[in-house]
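Colleague: 3D, please:
(2 chains)
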Amino acid sequence: MKLGRRWLPAHILVWTYAVLLVVPLYYFLASAFKTNDEIFAHPFAPPSSLGLHNFRTAFEGADLGLAVVNSALVTVFSLALTLLLAVPAAFALARSTGRTAAVVEKVFSLGFLIPTFAALFPTFLLAAATGLFHTRLFMVLFLPATALPLSVVILVQFMRTIPAEMEEAARLDGASTFAVLRHVYTPMCLPGIATVLLLNFLTFWNEYLYSLVIIGPDPEQRTVQVALPTLKAITGTDYGVLTAGTVLTLVPVWVVYTVLQKRMQQALVSGAVKM
Amino acid sequence: MRSSLTRRGLLAAGSGLAATAALPAVSGCSSLAAAASDPDTLVVHTQLGTTAPGSATYLSALDRFRAQNPGLKVKNLINGDDLGQVYETSRLARKEADVVMVNLYDKTLAWTDVDATVDVGGYLDDWRLRERVLPAALSAWTDGKGRLRAFPYFATNWPVAYNRALLDRAGVDAIPTTGDQLIAAARKLRAKGIAPVTVGGNDWTGQKLLAQIIQTFLTPDEARHAYSTGDFGSRGAREGIEYFTTLRDAGVFADKAQGLTSDTMNTQFNTQAAAAQSAMSSALAKVPENVARHTEVGGWPLADGAAHDKPTVIRAFTLIGFWISPNGVRKIEHVEKFIRFMYGPETVARFVQESGRDMALHTDAVSADFPLVAAAQRLGSGVSEVLLPDVYVPPAATQPLITATSTSFTRGTSAARVRAALESAYRSV
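Modeller: Residues are numbered from 1 along each chain as shown, chains lettered A, B, ... in the order given. Predicted coordinates:
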């Protein structure tokens, strides 16, 4: 298909946008193979060697392997708990028509108004009081609490799009409330669940401040976001090593994002056909 | 459509098993709490251990200490710039490490006062380690109430490194020792496209150089007063600020110095884009061999009427020291073993020889593999010393002073505005 001249501005904009995305990515990846002097003296030059020295130094120096496992543990269990709480909550709110439900839904939305930093000290006190300070368990309990407002709001909107007739038909077949949630609402809300999973995965994996303060610096427990800054030194940071470490920690994010994005698209399409 | 009992049973059993397996994993069979309260585990919280200068030597020292003390476990917790915040919250929860290895700077200045750490003077005497420490280091680590905040360990020389080859290329015959010579050298260097003095005007390196230049006209007592109170109104302080702005507006500092950081500073010097930098020992240790072989170290040039008779350098003894926490007091016999080991002549010598660190302890070791560090150690009475302001600046003014530094390095900012910026950094104190 031959495109006319009127498409030229669109092409220019698309390519400019692509370059804007690719240039920092290239700079980031190239820096992972360079020394400090190369990074600062010739920032956009290709690396003179593709040796993995920086990656090895970062991986061993900051004990990134264990940190990735810790981050995975915290993230996976937090995601599971978030879904376990958000799906039934959204199901109940989506099906309710009373004033109480409207108030409860607004209460969930109020969660957006709490700035993350403002909750740090009370959260620290809670962790200390419950004896869960310096444990990953506290973060597994805490992260879903921070994620619930957005998760519930998203899922409620998805569940409201499901026709009431679907539930009525299931009820006629003798389905219990749990069965309606399990066999009707959950499969039809898979796009919403995938969205919630993806958004929360990125938030949980990248969480730094609370992990630093609550879980602490113990290499056996710290997450990857806490381990990574140990590669930075006030008296001179090796940016090649730091960038290589960052690349390593981004690999799981890239994998999950790619997989979930595909699932989300599949779920969207199949959901549309079913409806 | 109703869920079968079998499936429910399976789901319940699966969830139960997952929870049973997961909870110990995430709640910490190996939690720090357990290690901190374990009487046979010494917990050390440090900034050494990854890429900070001296980390490799420290980790190998830890291995040797473990081998010598098989019944004692050592847990090493590493943080970077955020160590202070992490330690303080741990202390609030009474789960802090036993020993902390960190500089006397910013937050840590208040630790002894608020009982976050203990006075170690008594231990220093009981363990007969006082004679191992340089007197100047003991003085620097002792607070106004006579309490020794920590066991001194690392020190640093902070000379000015001059790239002799670049000066020669620009036609500068000698290392500048006066402000006029420095300005003349800067003009010649700029004519050849070489940045004269590179500095991190946007961070602590700029703050230290600014303090060093202001102290050109200050006696130690006057400098102590200025940096403790934020009163830069004395004649000497005003002349020092004038001297700084004169040098700055004459083009002595690298372009856009107000936006540079210590990393860009080191890189400009190490890649020979700049002819001079004010650098501490750890930075001198990283100067590449091809640059180091034609680099000389000296002091900052003086102005007419200066309070010093020789170019100035900073010598600091308040880099990493060993702080003992209240938890550490409960395991004091382990702490004693650890500090005795780290104070041992062999361990100290290794830091000097392998990592090029300056120490706050007596040692005969020389940084033979780090020629610039060794040269700085030999400067001796050939230079005049000025104070490192870190110990005197109240914690609340530390970060505002960095902001004021960036303003100061901005060309065209008048001396009066520089003074106002410095004094306003103390408003929240």
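
Colleague: neighbours of residue 98, just the number please.
Modeller: In the absence of a named chain, chain A is used. 8 (other C-beta atoms under 10 Å in any protein chain shown). From N, CA and C alone the C-beta is placed, and that goes for glycine too.

Colleague: wait, chain B was what I had in mind.
Modeller: Counted with other C-beta under 10 Å, residues neighbouring B:D98 total 26.

Colleague: what does the model give it for pLDDT?
Modeller: pLDDT for B:D98: 97.

Colleague: got the end-to-end distance for stretch B:229-238?
Modeller: One end of stretch B:229-238 sits 15 Å from the other (C-alpha to C-alpha, to the nearest Å).

Colleague: one more: stretch A:229-246?
Modeller: End residues of stretch A:229-246 are separated by 10 Å (C-alpha to C-alpha).

Colleague: and the contacts of it?
Modeller: Stretch A:229-246 has contacts (C-beta atoms under 8 Å, 6 or more residues apart in numbering or on different chains) with A:28, A:31-36, A:38-39, A:54-55, A:57-59, A:61-62, A:64, A:217, A:228, B:47, B:49-53, B:78-82, B:204, B:262-263, B:266, B:280, B:282-283, B:286.

Colleague: how far does that stretch sit from its chain's centre?
Modeller: 24 Å (C-alpha atoms, centre = their mean, to the nearest Å).

Colleague: same check on stretch B:315-335?
Modeller: On C-alpha atoms, centre = their mean, the centre of stretch B:315-335 falls 17 Å from that of its chain.

Colleague: and if you look at stretch A:45-62?
Modeller: That offset, for stretch A:45-62, works out to 27 Å (C-alpha atoms, centre = their mean).

Colleague: the closest residue to chain A within the stretch 201-350 of chain B and B:G200: what is the separation?
Modeller: For the stretch 201-350 of chain B and chain A, the shortest gap (C-beta to the nearest C-beta) falls at B:T267, measuring 3.8 Å. B:T267 sits 11 Å away from B:G200, taking C-beta to C-beta, to the nearest Å as the criterion.

Colleague: and the nearest residue to A:F117 once chain neighbours are set aside, what does it touch?
Modeller: Nearest residue to A:F117, sequence neighbours excluded (C-beta to C-beta, 6 or more residues apart in numbering or on different chains): A:L209, at 7.3 Å. A:L209 makes contacts with A:T116, A:F117, A:L120, as judged by C-beta under 8 Å, 6+ apart.

Colleague: give me the buried positions along stretch B:206-221.
Modeller: By 16 or more other C-beta atoms under 10 Å in any protein chain shown, the buried positions in stretch B:206-221 come out as B:206-218.

Colleague: among those residues, name the ones in strands.
Modeller: In strands, judged by DSSP state E, none of these are found.

Colleague: may I ask which two of the residues you listed are separated the most?
Modeller: Using C-beta to C-beta, the two most remote members of the buried residues of stretch B:206-221 are B:G206 and B:F217, lying 19.2 Å apart.

Colleague: so the most centrally placed residue in chain B, which of the three states?
Modeller: For chain B, the residue nearest the mean C-alpha position is B:L319 (5.1 Å; C-alpha atoms, centre = their mean). Under DSSP: H, G, I helix; E, B strand; the rest coil, the three-state class of B:L319 is coil.

Colleague: list the contacts for it?
Modeller: Each residue near B:L319 by C-beta under 8 Å, 6+ apart is listed here: B:N103, B:Y153, B:F154, B:A155, B:T156, B:A360.

Colleague: would a markdown table of those residues with distance to chain A and neighbour count be doable?
Modeller: A markdown table is the format used below for the contacts of B:L319 (distance: C-beta to the nearest C-beta, whole Å; neighbours: other C-beta atoms under 10 Å in any protein chain shown):
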| residue | distance to chain A | neighbour count |
| --- | --- | --- |
| B:N103 | 8 | 20 |
| B:Y153 | 15 | 24 |
| B:F154 | 10 | 25 |
| B:A155 | 13 | 24 |
| B:T156 | 9 | 25 |
| B:A360 | 16 | 26 |
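
Colleague: just put those residues in JSON lines and tack on secondary structure and pLDDT.
Modeller: What follows is these, written out as JSON lines (DSSP: H, G, I helix; E, B strand; the rest coil; pLDDT from 0 to 100):
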{"residue": "B:N103", "secondary structure": "coil", "pLDDT": "93"}
{"residue": "B:Y153", "secondary structure": "coil", "pLDDT": "97"}
{"residue": "B:F154", "secondary structure": "strand", "pLDDT": "96"}
{"residue": "B:A155", "secondary structure": "strand", "pLDDT": "95"}
{"residue": "B:T156", "secondary structure": "strand", "pLDDT": "92"}
{"residue": "B:A360", "secondary structure": "coil", "pLDDT": "96"}
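
Colleague: relative to A:E167, how far out is A:S176?
Modeller: A:S176 is 12 Å from A:E167, by C-beta to C-beta.

Colleague: where does pLDDT dip in the chain?
Modeller: Using chain A here. Where chain A drops to pLDDT under 70, the residues are A:1-3, A:235, A:263-264, A:266-275.

Colleague: let me rephrase: I mean chain B.
Modeller: Using pLDDT under 70, chain B drops low at B:1-37.

Colleague: show me where it has strands.
Modeller: Using DSSP E, strands in chain B cover B:41-46, B:73-78, B:99-102, B:151-152, B:154-158, B:160-163, B:195-198, B:274-278, B:295-298, B:312-316, B:321-324, B:358-359, B:384-386.

Colleague: just the C-alpha atoms of the second one, please, in CSV.
Modeller: Provided in CSV are the C-alpha atoms of strand B:73-78 (Å, rounded to 0.1, in the frame of the first residue of the first chain):
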residue,chain,number,x,y,z
LYS,B,73,29.5,-15.7,63.6
VAL,B,74,29.8,-12.3,61.9
LYS,B,75,26.9,-10.9,59.9
ASN,B,76,27.9,-8.1,57.6
LEU,B,77,25.2,-5.6,56.7
ILE,B,78,26.0,-3.2,53.8
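
Colleague: can you give me the buried ones in that strand?
Modeller: Under 16+ other C-beta under 10 Å, the buried positions of strand B:73-78 are B:V74, B:K75, B:N76, B:L77, B:I78.

Colleague: ok, and the closest non-adjacent residue to the third one?
Modeller: In space, and not counting its chain neighbours, B:N76 is closest to B:V44: 5.4 Å by C-beta to C-beta, 6+ apart.

Colleague: show me what the one you found is bridged to.
Modeller: Here B:V44 sits in beta bridges with B:N76, B:V99, going by DSSP bridges.

Colleague: can I assume it is in contact with B:L77?
Modeller: Yes. Counting by C-beta atoms under 8 Å, B:V44 touches B:L77, with 6.9 Å between them.

Colleague: so what sits against both of those two?
Modeller: By C-beta under 8 Å, 6+ apart, the residues touching both B:V44 and B:L77 are B:A97.

Colleague: what's downstream of the helix or strand harbouring A:W15, the next helix or strand?
Modeller: Using DSSP states H and E, A:W15 sits in helix A:8-31. Per DSSP H and E, the first helix or strand lying C-terminal to helix A:8-31 is helix A:36-41.
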